[in-house]
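Novice: my questions are about this predicted structure, shown below with the sequence.
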Amino acid sequence: MKRHIVSSSKAVTLIGGGDAKVSQLKEVLDIAPVCVAADSGAELARRANIPLRAVIGDMDSISADTLSQIPQDRQIIISEQETTDFDKALRHIDAPLIVGLGFLGGRIDHQLHALHVLALYAHRPCILVAQTEILFIAPPAITVPTEPGDVVSIFPLGPVTGRSQGLEWPIEGLAFDTLSKVGTSNRATGPLKLEMSAPNAVLMLPRRLIQPVAQALVSQAAVGWPPRA
C-alpha cells in the first residue's frame, strides 16, 4: 500500500477537532503557514476559509459536506482504528516543525493521549497550543526568553533528569518520574536554559512564547532526540 506523506519545507499547522477558535488558527498560521487537518479539524479550517494542504485520518468525524469540498488527492484516508487521528497525522507529515491546535481542551482522555503521542514521536519537533499555554517535549537543550514570574512546568511521562538555569527551584539532582516526582508550577527568574537527559519531559510555558520556542525547536532539530526504538 502506498504511504502518503505531506512534505513541507515550512512549518505545518495541524488542526484537531478539539477546542480551538478561528482567531487562534490565524495566530498559529503566522508561525506555521502550511495547514493540515486531522479529520474533523477540517471544520475549523472551513470556518476560517483557510485552504488545506491535506486532511488526514479515518474520516469518521468530519462532516460529509466538509469532506466533499476537499479535493480527493488531498484526502489521506487511514482507516485503521489502533491509533488516533493525531498519531496518524503526525507520522504522515514531514516538516521542520508541527504546531498542533485543537488537541488540548475538551475530553481528558483525548488530551492525555495527545501527550502520549508527543512523547512517542519526540524526535519530531511539535508544539501543542492550549488556551494560555504551549506544550512540547523538551529537547536535549533549549534556551527560552522567559521573564521573571513566568510559570514553567515540567511533567515527566517517564524517568528523566535535567539541569536548569533561570528557575526559582533548580531541577539539578531531581529524578523526575510520573509516580514519584513532577516539576509543575515552577517559576522563571529570567531567561530559561534547560537540559534534559531523555525525551520524556513535557515542558509547559506561557503561550506568548510560541514564536521563540518554535525558532528554538527548529534550530535544535539537528541535535534533537533520535526516534524511539
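Specialist: Nice, I can see it. Numbers count the residues shown, from 1 in each chain.
Novice: can you give me the strands for the protein?
Specialist: 6-7, 12-15, 34-38, 54-57, 75-77, 93-94, 98-101, 126-129, 133-137, 141-144, 151-156, 162-167, 183-196, 201-206 (DSSP state E).
Novice: got the domain ranges for this structure?
Specialist: According to automatic domain parsing, the chain comprises the domains 6-131, 137-229.
Novice: quick one: these as TSV, columns for mean pLDDT and mean neighbour count too.
Specialist: (Each C-beta comes from the backbone N, C-alpha and C, glycine too.) Formatted as TSV, those follow (pLDDT from 0 to 100; neighbours: other Cβ atoms under 10 Å):
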stretch	mean pLDDT	mean neighbour count
domain 6-131	94	19
domain 137-229	96	17
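Novice: adding distance to Val218, write the strands of the chain out as TSV.
Specialist: Shown next, in TSV, are these (distance: least, Cβ to Cβ, whole Å):
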stretch	distance to Val218
strand 6-7	16
strand 12-15	12
strand 34-38	14
strand 54-57	21
strand 75-77	24
strand 93-94	14
strand 98-101	11
strand 126-129	11
strand 133-137	12
strand 141-144	11
strand 151-156	21
strand 162-167	21
strand 183-196	17
strand 201-206	16
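Novice: just the pLDDT at Arg3, thanks.
Specialist: According to the prediction, Arg3 has pLDDT 55.
Novice: isn't Thr66 up against Asp39?
Specialist: No: here Thr66 does not reach Asp39: they are 10.2 Å apart, not a contact under Cβ atoms under 8 Å.
Novice: and the longest helix for this structure?
Specialist: helix 108-120 (DSSP state H).
Novice: contacts for that one, please.
Specialist: 16, 18, 84, 86-87, 90, 100, 103-105, 126, 128, 135-137, 157-158, 199-200, 202, 228 (Cβ atoms under 8 Å, 6 or more residues apart in numbering).
Novice: same thing but 7 Å
Specialist: Here helix 108-120 makes contact (Cβ atoms under 7 Å, 6 or more residues apart in numbering) with 18, 84, 86-87, 90, 103-104, 126, 128, 136-137, 157, 199-200, 202, 228.
Novice: and of those residues, the nearest to Pro33?
Specialist: Cys126 (16.2 Å; Cβ to Cβ).
Novice: I am finished for the moment; much appreciated.
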